[in-house]
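Novice: Whatever this is, show me its structure:
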Amino acid sequence: MGSEQRSDILLLVTVMALVGLGIVMVYSASFAVAGQRLGDSYHFLKKQAVAAALGIPLMFLLAKMNYRRWQILALPLLLLSLVLLGILILPGWRHEVGGSARWLKFSFLSFQPSELAKLALVIYLAHSLARKEGRMKSFSAGFLPYVIVLGIFFVLVLKQPDFGTGIVFAALVFIMLFVAGTRLLFMGSTLLAALPALLFLALRADYRKERLLTFLNPWSDPGNAGFQIIQSFLAFGAGKIFGVGLGDGKQKLFYLPEVHTDFILAVIGEELGLLGMTVVIILFALLIIRGFQICWRASDLFGAYLALGIATLIAVQTLLNMGVVMGLLPTKGSTLPFISYGGTSLIINLVAVGILLNISSRAVRVANENHDRRRGNGRAPLPGPGRG
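Specialist: The predicted model follows:
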């Protein structure tokens, strides 16, 4: 078995470990809240398990499907995401939770369009950037169209409101443009011009202003705006090195809000301690590093940009969530991939991993074919797969 195949088995084991840990921690974090508010302690566990049962087979299926077929779907998926995000603006269609209208609800099923939009944006960027190789230094071809698309997505998620997802979109677009060779002058000027608008948006809404001020000093308002992050600090402090034990955490017992979604990492820190946190960080590091390796070894530009986008998306969301929960970033709604409760997020992330696996397997196949061809021609094989 080659090193690439072993690496992908490691990637698969890593993802399955994160999903399994997520299901366990969703139950541990939510059973008290679900039991009191919904009369079923297993409510969130069952829904997360169903999402995993749907997402895992999809991951294996897409690992076998040629990733280049996603090029055909790049624009339709982007347009579908825009339509679904637009529907959330219309009253009567959206489902509100905690003051945010981020879900479309169909009978017993709810769906979060912004999660699909993240993957759709990655596929669109990969397809478009691969086609524009050599023209990325141009403002009209290599920068302006992507800023327009980003602006539309940003406005739509801001209407929900979901400022955190807007930041994820922006980080994803600018990182991929940077790697594709867009001029730093264009990106730097746009970021500088956008800073006053972002600051205005942050201070315009009272709850965002409170979060920003609380980030600077959580103890200035410990009973209100600073309550959530202080409870998170208490959870990490109680966990120490080895944790208080799985299921024995106290902060999830109606102290820490959004405990099974945005702040599930705090439950891990309390119940599994620094040791458990270290394991989680290592798992995410293995996943993200492998994603970038697949990008580097992809057999074509589309595959390279697609792997880059998926790895970047997972990395940005992971760092954003961890930064918020640890008090390194202002509090905002952001989930931890594969672990936080959320069926749409889990399924979309598993779909993304399936695409990653296919990019990797195809790169290995192309490398082996090139190797055999060179041997047949009597030439020594060249190292690494070429970019066709």
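
Novice: For the rest of this, base every contact and every neighbour count on C-alpha atoms.
Specialist: Will do.

Novice: ok, now which ones touch Gly142?
Specialist: Taking CA atoms under 8 Å, 6 or more residues apart in numbering, we find Gly142 in contact with Lys132, Arg135, Met136, Leu177, Thr182.

Novice: Okay, and which of those residues map to helices?
Specialist: Leu177 (DSSP state H).

Novice: my guess is Gln251 contacts Val267, does it?
Specialist: Yes: if you go by CA atoms under 8 Å, Gln251 and Val267 touch, sitting 7.4 Å apart.

Novice: same for the host helix or strand of Ile282, what does it pack against?
Specialist: Assigned by DSSP states H and E, Ile282 falls within helix 264-297. Helix 264-297 is packed against helix 3-38, helix 227-239, helix 301-325, helix 343-376, with contacts defined by 3 or more CA pairs under 8 Å, 6 or more residues apart in numbering; DSSP states H and E.

Novice: about what we covered before: what's the PyMOL syntax to select whichever of the contacts of Gly142 are buried?
Specialist: Typed into PyMOL, the line below selects the buried ones among these, using 16 or more other CA atoms under 10 Å:
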select buried, resi 135+136+177+182
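
Novice: what about the stretch 151-300 of the chain, any weak spots by pLDDT?
Specialist: Low-confidence segments of the stretch 151-300 of the chain (pLDDT under 70): 202-203, 205-208.

Novice: could you say what helices and strands whichever strand in the chain runs longest packs with?
Specialist: What stands out as the longest strand in the chain, according to DSSP state E, is strand 100-106. Counting contacts by 3+ CA pairs under 8 Å, 6+ apart, strand 100-106 packs against strand 94-97, strand 109-111, helix 113-131.

Novice: So which of the ones you listed is the most surrounded?
Specialist: Highest mean neighbour count of the helices and strands packed on strand 100-106: helix 113-131, a mean of 23 (counted as mean count of other CA atoms under 10 Å).

Novice: just how off-centre is stretch 318-325 within its chain?
Specialist: 11 Å (CA atoms, centre = their mean, to the nearest Å).

Novice: Kindly report the same for stretch 215-229.
Specialist: 27 Å.

Novice: Flag every buried residue along that stretch.
Specialist: Here stretch 215-229 shows Phe215, Pro218, Ala225, Gly226, Phe227, Gln228, Ile229 as buried, counting by 16+ other CA under 10 Å.

Novice: Name the SS class of the residue lying closest to the first one once chain neighbours are set aside, please.
Specialist: In space, and not counting its chain neighbours, Phe215 is closest to Pro330: 5.0 Å by CA to CA, 6 or more residues apart in numbering. At Pro330, secondary structure determined by DSSP: H, G, I helix; E, B strand; the rest coil is coil.

Novice: Please name the residues that touch Pro330.
Specialist: Arg211, Leu212, Thr214, Phe215, Val324.

Novice: For the fourth one, give its distance to Phe236.
Specialist: Which is Phe215. Between Phe215 and Phe236 the distance, using CA to CA, to the nearest Å, works out to 17 Å.

Novice: now the first one
Specialist: Arg211 is 20 Å from Phe236, where distance means CA to CA.

Novice: So for the two, which sits in the more crowded spot?
Specialist: Phe236 (26 against 21; other CA atoms under 10 Å).

Novice: from what I can see that one touches Gly269, true?
Specialist: Yes: counting by CA under 8 Å, Phe236 does reach Gly269; the two are 5.0 Å apart.

Novice: Pull up the distance across stretch 173-191, start to finish.
Specialist: End-to-end span of stretch 173-191 (CA to CA): 12 Å.

Novice: Run through who's touching that stretch.
Specialist: By CA under 8 Å, 6+ apart, stretch 173-191 touches 125, 129, 133, 136-139, 142-143, 146, 150, 305, 308-309, 312.

Novice: Helix, strand, or coil at Asp40?
Specialist: coil.

Novice: How about it: what's its closest non-neighbour residue?
Specialist: Nearest non-adjacent residue to Asp40 (CA to CA, 6+ apart): Ala34, at 5.7 Å.

Novice: What count of nearby residues applies to the one you found?
Specialist: Ala34 has 17 nearby residues by other CA under 10 Å.

Novice: for it, what are its contacts?
Specialist: Per CA under 8 Å, 6+ apart, neighbours of Ala34: Asp40, Ser41, Tyr42, His43, Phe44.

Novice: so how far is Pro330 from it?
Specialist: 27 Å.

Novice: thinking again about what came up before, for the contacts of Gly142, which one is nearest Phe292?
Specialist: Nearest to Phe292 among those: Leu177, at 15.6 Å, using CA to CA.

Novice: next one: stretch 348-366 to chain centre, how far?
Specialist: Counting by CA atoms, centre = their mean, stretch 348-366 comes out at 17 Å from the chain centroid.

Novice: what's in contact with that stretch?
Specialist: So stretch 348-366 is contacted by 4-5, 8, 55-56, 58-67, 115-116, 119, 291, 294, 297-299, 303, 307, 310, 337-338, 385 (CA under 8 Å, 6+ apart).

Novice: thinking again about what came up before, ok, so what distance separates the residue nearest to Phe215 from Val173?
Specialist: On the measure of CA to CA, Pro330 and Val173 end up 22 Å apart.

Novice: same thing with Leu265?
Specialist: Leu265 is 27 Å from Val173, by CA to CA.

Novice: averaged over its residues, what pLDDT does stretch 348-368 have?
Specialist: Average pLDDT, stretch 348-368: 89.

Novice: tell me which residues in that stretch are buried?
Specialist: Across stretch 348-368, burial judged by 16+ other CA under 10 Å covers 348-364, 366-367.

Novice: Using CSV, write down the CA coordinates of that stretch.
Specialist: Output of stretch 348-368 as CSV, limited to C-alpha atoms (Å, rounded to 0.1, in the frame of the first residue of the first chain):
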residue,chain,number,x,y,z
ILE,A,348,-22.1,19.1,3.8
ASN,A,349,-18.8,18.6,5.5
LEU,A,350,-18.9,14.9,4.9
VAL,A,351,-19.7,15.5,1.2
ALA,A,352,-16.6,17.8,1.1
VAL,A,353,-14.4,15.1,2.5
GLY,A,354,-15.8,12.6,-0.1
ILE,A,355,-14.7,15.1,-2.8
LEU,A,356,-11.3,15.4,-1.2
LEU,A,357,-10.8,11.6,-1.2
ASN,A,358,-11.7,11.4,-4.8
ILE,A,359,-9.2,14.2,-5.8
SER,A,360,-6.5,12.2,-3.9
SER,A,361,-7.4,8.8,-5.4
ARG,A,362,-7.4,10.3,-9.0
ALA,A,363,-4.0,12.0,-8.4
VAL,A,364,-2.6,8.6,-7.4
ARG,A,365,-4.2,6.9,-10.5
VAL,A,366,-2.8,9.6,-12.8
ALA,A,367,0.7,9.3,-11.2
ASN,A,368,0.7,5.5,-11.6
